[in-house]
Structures are given as C-alpha cells and as structure tokens.
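# Just a sequence and a predicted model for now, questions to come.
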Amino acid sequence: MNILVINCGSSSLKFQLIESGSEEVLAKGLCERIGLEGARLVYQPKGGEKEITNAEMDDHKTAIELVLSSLVNPETGVIRDLGDVGAVGHRIVHGGEKFAGSVKITEEVIQAIEECNDLAPLHNPANLIGIRACREIMKDVPMVAVFDTAFHQTMPAKAYLYGLPYEYYTAYKVRRYGFHGTSHHYVSHKAAELLGRSYEETKTIVCHLGNGASICAVQNGVSVDTSMGLTPLEGLIMGTRSGSMDPAIIEFICKKENLSVDEVMNILNKKSGVQGISGIGSDFRDIIEEMNKGNDMAKLTMEVYCYNVAKYIGAYTAAMNGVDVIAFTAGVGENNPLIRKKVCEYFGYLGIEIDDLQNEKRGEDLVISAPQSKVKVMVIATDEELKIARETLANI
Ligand code: ADP
C-alpha cells in the first residue's frame, strides 16, 4: 500500500509517499511559504531530479492539491491516480496526556487534538489544518495521527513532574511531555536490532542532535525520561534554543534589556543556543569551519555543547541504573564525528572506548565503540517518515 506521510507546519508542508511493503520512498518534497509571497513546491520522484515549481498557495489545501497533482503527473509522477494512495499518516506535535500511541483520525480525535492546542500553539493548529485539508480532498482515505509526545507517555510521575505547585499539573497539565518520540522510538529499536539484543531487555540512551535536540532514556522498550519538557525549549543547548537554564534569567533579562516576556521567549527560542553563544550561526558545519580557523568562540561553543550532552547521558545512566547502548542520531548526531568523540570522552569511567576509524565512517548505521567497550556506542540514521508510515499501516 502507498502511504502519504504529511508533516504540516504553519507555512510549510513536507511529504513522502512510501510503499509500505518494500518501505521504499516513491517521492518526497515540500511546499514552502504557504500563504505568503514566493511560495514554491519542491518535488523529487525516486531516482529522479528535484523539480522546483513556483506556484501561488493561498492555503494548505492548495498546497496538498499541488502535491497530489505532482504525484499523478503523467511524466514525473509515481502513481496513476489518487486511488493509489491507500492511507495518510499525519505527524502531530502535541498529544498531551490524551494520546499514548498513534490513532486513526475521526472527528473525536480531531477534537481531542484541538484540545491540546494551548500546549503547542505554534504547531498543533498547523497540523490540524493539514488533517482538515487532506480530509476534504481525500474523503474516503483512512488517516492516522502520529504524535511526537506519545512515546514518552510511559514516563513515571517522578520524571514528568516539575517542582511547581501540584495544582498547575492538575489544572493546566503543566508537566514534562517530551518530543521527537517517533525518532527516539525508531532509533532505540534499531539499536537493539543492530546489537542483536531483545528490545525489551536493553537500556538505551538516544541522543537526537539536530537543529532541535533531545535525549531520551529508553529502558526495556519504553521511554522513562527525556530532556524536552512542556515545550521543546527545555533540555539540551540546541541550534537556536537555549535549553535548560535558571528560570529567573527571564525576569532578569526583561528588566536589563527592557523587554517583554514574549520578546525574551523569542530570544530563548530563536537567538540562543549554538547561535547565541558562538555569534557564528546555528549550523555545526559553520562552527567546525571556524574552529579549524582557530576561532575561540567556536571552540567554546563546542565545549559547552558537548559538556551539556554528556551531563544528560550521565543523568540518564543513573536514572536507568546503567546503560547498554548510546545511540547518536539526526543532523549533528549522524554527521559530526568530533561531537560524538568529545561527548564520549566523558565516559571513560563507564568503560566507553571509541574506535576512531569507525567513528569517521559515514552513511550507514554502525557501532563506533571499540570491541572491548563495555557500553556500545552507535550512529543510527533516524527515519521519522518511515516510522510514521509503519504506525499508519498498523492503525488504519
Ligand atoms: P532538524 O530536523 O531539527 O531541522 P536536522 O536533524 O536536519 O535538524 O539537523 C540539522 C543540523 O545538522 C544542521 O544545523 C547542521 O548543524 C547539522 N548537520 C547536517 N549535516 C551535517 C554534516 N554533513 N556535517 C555536520 N553537521 C551537519
């Protein structure tokens, strides 16, 4: 069956068409600047060139119509007609406490997702627009919602409660939720497979280091703790997000810089992290380039970043009373051997040794720890779209 995976943002829409039997990506692409000037569709069929089409897209419905017409285009399309789309899987950012797994989309489900909107005001409404637009165009096609938060619903209360008045949890559901769940689930499962161990008997720490970044402790097949919180701002230092810090800093900066809370929140989300410390940018390729030129701020940013990752690994090793596998994934985790090496240098006491030759290899899932290393360290390419397609197939 062909499954269309949709990831809808406020002005963008990413898609992949995946054949569920072979798990091959038949086509992929994205619509950018939906509802804005200069909108464009990028479409790439399997084995073919990327096509870029500038086209007006007033809304997400128009964007989806354009995607579907590309998929059935007689020349570069990959299916004959829309009847060849068997199901649609939607990535949804926040499922609150309502969703501990993927679900087939019904009117009640849409309503329940809507009720989570205040937990993710930037993301969930956009995800819902995508669902509604697809339901309008593909009336009889079954659709499944796959949540970023669902995998972490197994966390115990001791991991998800903040040190706040308990009423904030009961009244407003203020607690840790965690994100990147699809990736943490996929990668931790793959790690156990690669190791030839039972998933249900393995302790894994997944380091999802992309632009957004989070770490997850997966014990015996379930998430027991993760670094992102009520929102994706908590935890690691990220590309442009501050990650965890003293909450009193917000008031302090408001007063010093004469800014509103909203303005400071914008700085914490968009102008902090790697970009904020380095003053160079949020992309680690630029940081490495500057390090190689001897830029001290680039070196300092690298030190702060790796120390931060290592502290979480230490914490989650304690939380699980041990660790069997540390898996690095996402843009930085998959492509940056220096960060992997520097992070692992903190764990000599765990008996971790990195095989430098393996660590420098690219493009395949592999073990990068030396054979004698007590804890196995791996690089695993995450594939959130494939995981969403699998969840969709399992839930229609
Ligand atoms: P997201 O999905 O959160 O937007 P990604 O997982 O794509 O982010 O990660 C993006 C980051 O990965 C980039 O900002 C860059 O720092 C890093 N990255 C991507 N490719 C490479 C590479 N070849 N070498 C080093 N870093 C890379």
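Thanks, I have the structure now.

# Would you mind pointing out the helix or strand the residue of the stretch 201-350 of the chain found nearest the ligand falls in?
Per Cβ to the nearest ligand atom, G331 is where the stretch 201-350 of the chain lies closest to the ligand, at 2.0 Å. Where you see a C-beta, it was placed from the backbone N, CA and C, and this is true even at glycine. Secondary structure from DSSP states H and E places G331 in helix 330-335.

# Give me every residue in the stretch 251-396 of the chain lying close to the ligand.
Counting by Cβ under 6 Å from any ligand atom, the positions of the stretch 251-396 of the chain adjacent to the ligand are S282, D283, F284, R285, A330, G331, V332, N335, N336.

# Can I get the buried ones among those residues as something I can paste into ChimeraX?
A single ChimeraX command selects the buried members of those (16 or more other Cβ atoms under 10 Å):
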select :282,284,330,331,332,335,336
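
# Output the residues of the stretch 251-396 of the chain next to the ligand as CSV; include the columns pLDDT.
Conversion of those to CSV gives the following (pLDDT from 0 to 100):
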residue, pLDDT
S282, 97
D283, 96
F284, 95
R285, 96
A330, 97
G331, 96
V332, 97
N335, 96
N336, 96
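
# and which of the residues of the stretch 251-396 of the chain next to the ligand is nearest to V103?
Nearest to V103 among these, counting by Cβ to Cβ, is A330 at 25.7 Å.

# Isn't that closest one up against I215?
No - if you go by Cβ atoms under 8 Å, A330 and I215 don't touch, sitting 11.2 Å apart.

# Pull up the overlap in contacts between these two.
Common contacts of A330 and I215 (Cβ atoms under 8 Å, 6 or more residues apart in numbering): H208.

# Now do the contacts for the residue of the stretch 201-350 of the chain closest to the ligand.
Taking Cβ under 8 Å, 6+ apart, we find G331 in contact with L209, G210, N211, F284.

# 10 Å instead?
For G331, the contact set (Cβ atoms under 10 Å, 6 or more residues apart in numbering) comprises H208, L209, G210, N211, G212, A213, G239, D283, F284, R285, T382.

# swap in Q275?
By Cβ under 10 Å, 6+ apart, the contact set of Q275 is M238, G239, T240, R241, G281, S282, D283, D286, I287, T301.

# Next, count neighbours for the last one.
T301 has 24 neighbours, counted by other Cβ atoms under 10 Å.

# Doesn't it lie inside a helix?
Yes - counting by DSSP: H, G, I helix; E, B strand; the rest coil, T301 falls inside a helix.

# how near is it to K374?
Using Cβ to Cβ, to the nearest Å, we find T301 at a distance of 30 Å from K374.

# ok, now the fifth one?
As judged by Cβ to Cβ, G281 and K374 stand 37 Å apart.
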